[in-house]
Structure formats: structure tokens, C-alpha cells
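**Q** Quick check, what structure comes out for this input:
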Amino acid sequence: MQAISTVLLVIHSLWRWVVVVLLLATFIKMLIGWLSKSGWGDLDTNLTKWLGMSLGIQFVLGLLVLVLNTLTVGGAYLQSAAVIEHTVTNFIVVILGSLSFKKAPVNKRFRNKTIALLLAAVFIYRAVQVVGGW
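**A** Modelled structure (predicted):
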């Protein structure tokens, strides 16, 4: 079981770069849309959808690592403040990254999504720092 946990941790660690690239691309696109007052297009929809999916995959991978390490190491693993903070912080990131603001007017949708993604980036930075950094 430890070998599976190690493999999942490596995948989780590598997948974060997919998340970071999608977050950066989506953030830039939302910021441009907000500042240029442009319309919402297919690229906007797809970027936000792909980002949400990548965040979900990352979170599930992290939960699998958490469960397997808890089964392997024992309940003491869950008592680590870093593990708890990392998990809770990333749960907040998933929520922030998945907010759609579909009912808002387009310019407010771009603005709200830009702000949500900026907050998500700050939370991601903190979540990674608490478990050892980049």
C-alpha cells in the first residue's frame, strides 16, 4: 500500500503543474476579458471548465494519498497540522476555482472570476508551502 501511496504522491506532485498552467492561463484570459469588456466566448467556457476539472482531479489525488497514508502510518498522520491545513486550503481552492458566476453580467463575471482565481492562487501557494514548498 505504501508503494501505491508513493506513486499517487508523485502523480499528485506532477499534476500540480497542470493546475498551475491552467490557473495562470485562465486568470490571464479572465483579466483580459474584464479589462477589455469583451464578450464571454467558448475559450472562456473551456478554460474555466478545464481548470475546474484539473482542480478536482488534483484534490481527489490528494485525498487518495491522505487516505492511504493514514491507513499505512495510522491516525497520527491526520493529526499533523500541515496535512490538515494543506487539505482544507486545497478544498477552498477547488471551491474558488469552480465558481462560475453564470448569472452575473459578462463583465462582472470576468471580474469575479479573476478575483476568485487570484485568491485561489494565493491559497495554492500557501497550501504548497505548508508541506514543503515547490
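
**Q** Please name the residues that touch the most centrally placed residue in the chain.
**A** Nearest to the mean C-alpha position of the chain, by Cα atoms, centre = their mean, lies residue 55 at 4.1 Å. Residues in contact with residue 55 (Cβ atoms under 8 Å, 6 or more residues apart in numbering) are 19, 93-94, 97-98. For every residue, glycine as well, the C-beta is placed using N, CA and C.

**Q** Whichever helix or strand residue 88 is part of - contacts with which helices or strands?
**A** Secondary structure assignment for residue 88, by DSSP states H and E: helix 81-98. For helix 81-98, the elements it packs on are helix 42-73, helix 106-130, judged by 3 or more Cβ pairs under 8 Å, 6 or more residues apart in numbering; DSSP states H and E.

**Q** Taking helix 106-130 as reference, get the angle to the first one.
**A** Think helix 42-73. On the basis of axes from the mean of the first three to the mean of the last three Cα atoms, to 10 degrees, helix 42-73 is oriented at 30 degrees to helix 106-130.

**Q** could you check the angle helix 81-98 makes with helix 42-73?
**A** Orientation of helix 42-73 against helix 81-98 (the same axes, to 10 degrees) gives an angle of 160 degrees.

**Q** who's sitting farthest from the centroid in the chain?
**A** residue 74 (26.7 Å).

**Q** Which residues are in contact with it?
**A** Neighbour list for residue 74: empty [criterion: Cβ under 8 Å, 6+ apart].
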